[in-house]
Every structure is written in C-alpha cells, then in structure tokens.
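Q: sharing a model prediction with you, sequence too.
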Amino acid sequence: MSWAASPAAAAGGADPGPGGEDPSDPGGQRRLAWSGRVTGAPLRLRSVSAWVSVVGAGVIWLALLGPVIALFTHLSAGAIASALTAPGALDPLVTSVESGLVTLCVLFVLCTPLAWMLAHGRLPFPRVWEAGVLCSLLLPPLVIGLLLVFLVGPYTPIGQVLAWMHQSATNTFLALVIAEVYESAPYYVLGAQAAFASVEPRLEQQAALLGDRPRRVFRRVTLPLAAPGLAMALSIAWARAMGAFGAVIIIAYHPAGIPLQIYTTLQETGLASALPYALVLLVVALPLPLAAYIWSARAGRRRRG
Amino acid sequence: MLDADVEVDRREFTVRAALQVAAGERLALFGPSGAGKTTLLEAVAGLVQPRRGRIELGGRVLTSTASPVSVVPPWQRRVGLLRQNPGLFPHLSVRDNLCYAPTASPSEVELSELASVLGIESLLSAMPARLSGGQAHRVALRRLLLAHCDTLLLDEPYAGLDVSLRRTLTDLVSSLVAERSVPSILVTHELADAQAFADRLAVLDRGELLQIGAPDEVVLHPASRRVAELIGYLGFVPSGEMVAGVHPERVIAGGFSDRGLVLTGTVTASRPAGAGWEADLRTGEAAITCRLPDKPPVSDGEFVVTVLDPPFFSSDGSAIAAASVESEQDTAEQVRR
C-alpha cells in the first residue's frame, strides 16, 4: 500500500499532499497509506520534504564515503609498489599489527569483566564508573597523550618503577600499547556493556536453575549470547587502535606504527608517497570489523531459525 | 513435599505465605497482577532472598533464616521453573536445549522417543526459533523433567497461548506431575486455568494469603468479600445486616426461595455473552450482573431471579457461616413482622 493506491493518485489527479484534506477520502484510505509506509513500502517522492530528505541522505552518504573513493582514484599501482618495496617499509605494519593484537588481548581480559559488571549493575555508584569510561572517550586523544606523559613518563612514580624493571613507557612498544588502549578501551567497554545488557537475565536464571554454577552459566549462556555484540565491540576497538594517532604521537613516536608512518612520510616527501600507506592501514584495519559484522549477522540469522 | 513459610520484602508490601504442597499435588496460586505470586515462586527457586522464613523440599532445607542459617544456591536446588517465555536458549539446538542440564543424560533412543512424543522428530537439530509456541513450551517442560527437578513451578506459563492449547498443555503438566510424583505450583490470574489444573487453590492478594482450599470450596464459599471479588463475584446485595455475594453464573431466572436468595429488580441492560445472555439488574440500591441462558425481557417490569446459595459477608467483609445466616434471616424476618 502506498499513496499510489489512493484513487486520486492512481488517476493521476491532484495529489492532496501530506497536509491537505482529500474530500474523496475521509480518513480511511489515508490511514491505510500511512500504515503501509511504516511497514517498509518503497518510498514515493510526492512532497518537497520527501525529496529533501532523500537527497540529504544521498549527499551525506557520498560525503562519508568520499575519502575512500578519493584514496582509490589517486593511487597508482606503481606508487604502491615502490612504497611497499622500499627497505623497511613494512616495519610499521608489523609494529601496528603486533601492538593492535596486544591491545585487543588487554582489552578483552581487563575490560570484559568491567563491561559485564556495568551491564548487570554489580558495581557501587555505577554512574561514577561509567563517567570514568566516558572520560577517556571524551578527552581529545592529543590531550590523553599529554596527560599520559605526566602519568607514566620517566620522572613519575610509575615511570621509575618501570625503569627499575628496565622498562620505559615512553617511545617504546609498551608506550604504543598504552596509548592504543587509552584510545580504544571506551569503545570496547561501551559496546561490550550493551552486548551483555542484551542477554535476557531470565535465560541466565534458567541456566542456573537447570544446575549450572555462575561461571558455567557465563561460559555456556552469557558469553555465546553476547558474542556477536562483543565481536563487534572488539572490532571497532581494533579499528580505533590501528588508527590511534593523537596519544601515540606524543608518548610513542618510536616505534612508528602505520599512522605515524603516514604522518612522517607526508612531512618528509609529500602527499603522493603517503597515500599507499593509507591504503595499507585500511587493508589492515578493515578485515576484522568486516569479519565480525558478517559473523554476527550469520549468528543472528541462525538464531532466528 | 514442598514446605514454604516465608516473608519476602517487596517495594510496596511484604509477601507473607505458608504453603505445603505434597508430592504429586497440584496447587494453583491465584491472585491479581502484582499480588506477589511470582515473588513467592522466585523465593522457592532461590532467585530472591526472603527476609524471614524456611523452605524445605523433599526433606532438604533450601532456605532457613533461623539458625542454622542456610541458603542453597539456585543451581543446587533442583527446582524447575517454567515462565511465560519458555526460556529456550536461542543459540543451542532443540536437542542441546533438552540435554542442557548437567544431570540430563538421555540416550539417543530416549531422545528420539521424546521427540516423537513431542511431535518434533525433524526439528531436534533445528534452532528453537523454528518451534511453534506450543512446541517450545513442551520442549521447555521436558527439559525441566530431564534435569530431574524435585518440584515444578509454573509462572503463568501459558498466558500468551490460545485457550485450547492452554488446556492441552495444562493437562500434559497434570499427567507429568502425577507420573513423576513431584509437588507443583501453578501461578495464574485466570481462575479457569487454576480450576483446570489444581487440587487446591490458594488466593493471594497484596502479599497476603487470603484463603486456601479445594477449588470449588474457595469458589462457592469465599472466606471474605475480597476473595469473592477476586474470584469473580460482581454484585453485593444488602440483606439485613449482611451482604450477599452474587456471582453472575450462580443466578437463575425465576423465584425459588428454597434454592437461595430471591431478588426482584429491573433489567437495565443486556448483551450476548458466550452461548447465553448477560444482564444488568437493578434491585433497590444494589446492581448485579447475571448470566442467563435466555434473553431477559428489557422493560420497566419486574424481573425475578434466584441467586443460588450465595455466600454472606458481614459489614467488615468476613464470611458468615451458612447456619448462622439462616438464623439471622429468621430474626430479620421476625423483626419485619
């Protein structure tokens, strides 16, 4: 059902428009038409506002996708080949992947319990805990980097403890992981919290009543049911960690990951030679989110039967 | 034998109830929404903690707030709870759902027999989403039985289903309860469901257990005016110092003073109801509703009905025994003379 179903529109006559009163249709057909649109009939462009919203949606979609399109239109095969075959060109890629994987492990181990407790209201003063998580989300990454120097820099207590262990949290792999954790953790915690909150508590109760201890309930019911959401949260955190730049440039200039490589190449040799690394970053950062998306969609379909 | 005597705090009131359900017995817990019925079941299941009380199941102490204090956690209670949502795990196949409990270890032969009893042979490896509402409930029930639970608690399990399916499932539960000889409690706010299921009926309102007894006893002789209202008595007619409770289905046309209370009034409205007619009747200052097989004449003329053996209540709402009712009526008549 749509506007075309109303007799006036079918005859090609004057369309009353959304605000107008159609004397031949005292309410009945109009309501049918509206209910049809709610259930997902194709949009018919019969009014100015419909045109504006459709055009607006198209423009914003193109605008969001624009950079990716630009990337592919400005890349040449020769430039990619020469950039990637230069000596040591792939070192930042290895650094980024390694630090990203370590970051994911840290997030999964440390932040999953926090997300579970937040979702189940097991923490006193939950608003305070949530505010803490939001804090690192709302702070500009550059500011996080500056503040991290005051927290883990060589002259701080933490820095001195690390020095005593012959470690350092500035310009090291450890520093890179710390910066990436700070930039990606809130995305994971909030996503995982939503994933756990979406698990029906009565299913967990049922599992317990069938004889499962809480840890078994978590392993057999909570985790599998939250898994698609957790995977999505983890993959978003991965993309954030891969692209982390603001905090990284301040406390972890060395060893350089791909974002820093893009920045230094841009500074030293210009836009054209930085572009291939942008492609590398996309190629590395995107597969995990895509795989997570496809997997969670499949899990959803499977559960729906 | 399930023996529960608990006080559970809720936000607005405290649920107080003492219930004993014998092995193989079926108790229906009846009451309006928000009366605390589910809270009581959850206390037995160990999902909410009673402020005070003791719960025993088959000789095992599940909860005791007096010394020695003990609280058995839900996963060791062997209590089966079935809610309106059957609670099948959506990420596990029907087979894995049936065998979920660590104590459930049916053989492949038993499983396929069970599947044919349930009529889901082809769906054993499918996901629960493919089951119909009735099938899902049957699978959930079988899952509880495979887990060898010692009691069955049913929390309005069939509220969303149509009447005939509801009756089939209730009968199924009844036969399984008898077969396994476990105590069972059905929580419902539908009197018909409670009557179809129960050996005994308990009426709960705002956390208080108002009456417990055989279903027909509770329905025909409510212990108080409040119970009568909950059971479905729609009219209360003053009779001397007392009021008589009028259930719409306990009214017949015509005056038969030997069978109950004879009322005379005018029919103010009537409408078809089921296979008969429902009529509103005004007698003096009281208005009653009655169900009659024939359409009553709507006119200003008088219409005589008999309320079959109505329960009588004093002004404070408590029931008055039938014997004393008769003597009081006699005195009232003498006074009138």
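A: Yep, that arrived.
Q: can we go C-alpha only for contacts and neighbour counts from here?
A: Noted.
Q: tell me how far residue A:249 lies from residue A:172.
A: 12 Å (CA to CA, to the nearest Å).
Q: and those two? which has more neighbours close in?
A: Here residue A:249 and residue A:172 are compared on neighbour count by other CA atoms under 10 Å in any protein chain shown; more neighbours surround residue A:249, at 22 against 17.
Q: contacting residues around the more buried one?
A: Going by CA atoms under 8 Å, 6 or more residues apart in numbering or on different chains, residue A:249 touches A:145, A:260.
Q: let's see that with 10 Å instead.
A: If you count contacts by CA atoms under 10 Å, 6 or more residues apart in numbering or on different chains, residue A:249 has them with A:141-142, A:145-146, A:171, A:176, A:179, A:256-257, A:259-260, A:263.
Q: in what helix or strand does residue A:80 lie?
A: Assigned by DSSP states H and E, residue A:80 belongs to helix A:77-85.
Q: list residues touching both of residue A:249 and residue A:172?
A: Common contacts of residue A:249 and residue A:172, defined by CA under 10 Å, 6+ apart, comprise residue A:256.
Q: now do the contacts for residue 207.
A: Here I'm looking at chain A. Counting by CA under 10 Å, 6+ apart, the residues that residue A:207 touches are A:201, A:213-214, A:216-218, A:220-222, B:74-75, B:87-89, B:100-101.
Q: switch to chain B, that's the one I care about
A: B:7-10, B:12-17, B:31, B:34-37, B:39-40.
Q: next: residue B:185.
A: Contact analysis of residue B:185 by CA under 10 Å, 6+ apart lists B:2, B:21, B:25-29, B:41, B:81, B:151-155, B:194, B:197-198, B:200-202.
Q: change it to 6 Å
A: B:26-28, B:153 (CA atoms under 6 Å, 6 or more residues apart in numbering or on different chains).
Q: break chain A into its domains for me.
A: With domains defined by automatic domain parsing, chain A comprises A:1-42, A:79-303.
Q: next, count neighbours for residue B:190.
A: The number of residues near residue B:190, taken as other CA under 10 Å, comes to 14.
Q: which one is the residue of the stretch 1-150 of chain B found nearest chain A nearest to, not counting chain neighbours?
A: Nearest to chain A in the stretch 1-150 of chain B, going by CA to the nearest CA, is residue B:75, at a distance of 4.1 Å. Among residues not flanking residue B:75 along the chain, residue A:211 sits closest, at 4.1 Å (CA to CA, 6 or more residues apart in numbering or on different chains).
Q: pull out the buried residues from the contacts of residue A:207.
A: A:213-214, A:217-218, A:220-222, B:74-75, B:87-89, B:100-101 (16 or more other CA atoms under 10 Å in any protein chain shown).
Q: can you redo these as TSV with pLDDT, distance to residue B:146 and secondary structure?
A: Shown next, in TSV, are the buried ones among the contacts of residue A:207 (pLDDT from 0 to 100; distance: CA to CA, whole Å; DSSP: H, G, I helix; E, B strand; the rest coil):
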residue	pLDDT	distance to residue B:146	secondary structure
A:213	94	18	coil
A:214	92	21	helix
A:217	94	18	helix
A:218	93	22	helix
A:220	95	18	helix
A:221	95	19	helix
A:222	94	22	helix
B:74	93	17	helix
B:75	94	15	helix
B:87	92	15	coil
B:88	94	14	coil
B:89	95	16	coil
B:100	93	9	coil
B:101	92	8	coil
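Q: now the biggest helix by length in chain B - C-alpha only, PDB.
A: Secondary structure assigned by DSSP state H gives helix B:163-180 as the longest helix of chain B. Taking C-alpha atoms only, helix B:163-180 is exported to PDB below (Å, rounded to 0.1, in the frame of the first residue of the first chain):
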ATOM      1  CA  VAL B 163      -7.500 -21.400  25.200                       C
ATOM      2  CA  SER B 164      -7.500 -24.900  23.700                       C
ATOM      3  CA  LEU B 165      -3.700 -25.100  23.500                       C
ATOM      4  CA  ARG B 166      -3.600 -23.900  27.100                       C
ATOM      5  CA  ARG B 167      -5.900 -26.600  28.200                       C
ATOM      6  CA  THR B 168      -3.800 -29.300  26.400                       C
ATOM      7  CA  LEU B 169      -0.600 -28.100  28.000                       C
ATOM      8  CA  THR B 170      -2.200 -27.900  31.400                       C
ATOM      9  CA  ASP B 171      -3.400 -31.500  31.100                       C
ATOM     10  CA  LEU B 172       0.100 -32.500  30.000                       C
ATOM     11  CA  VAL B 173       1.600 -30.900  33.100                       C
ATOM     12  CA  SER B 174      -1.000 -32.600  35.300                       C
ATOM     13  CA  SER B 175      -0.300 -36.000  34.000                       C
ATOM     14  CA  LEU B 176       3.500 -35.500  34.200                       C
ATOM     15  CA  VAL B 177       3.200 -34.200  37.800                       C
ATOM     16  CA  ALA B 178       1.200 -37.300  38.700                       C
ATOM     17  CA  GLU B 179       3.700 -39.600  36.800                       C
ATOM     18  CA  ARG B 180       6.800 -38.100  38.500                       C
END
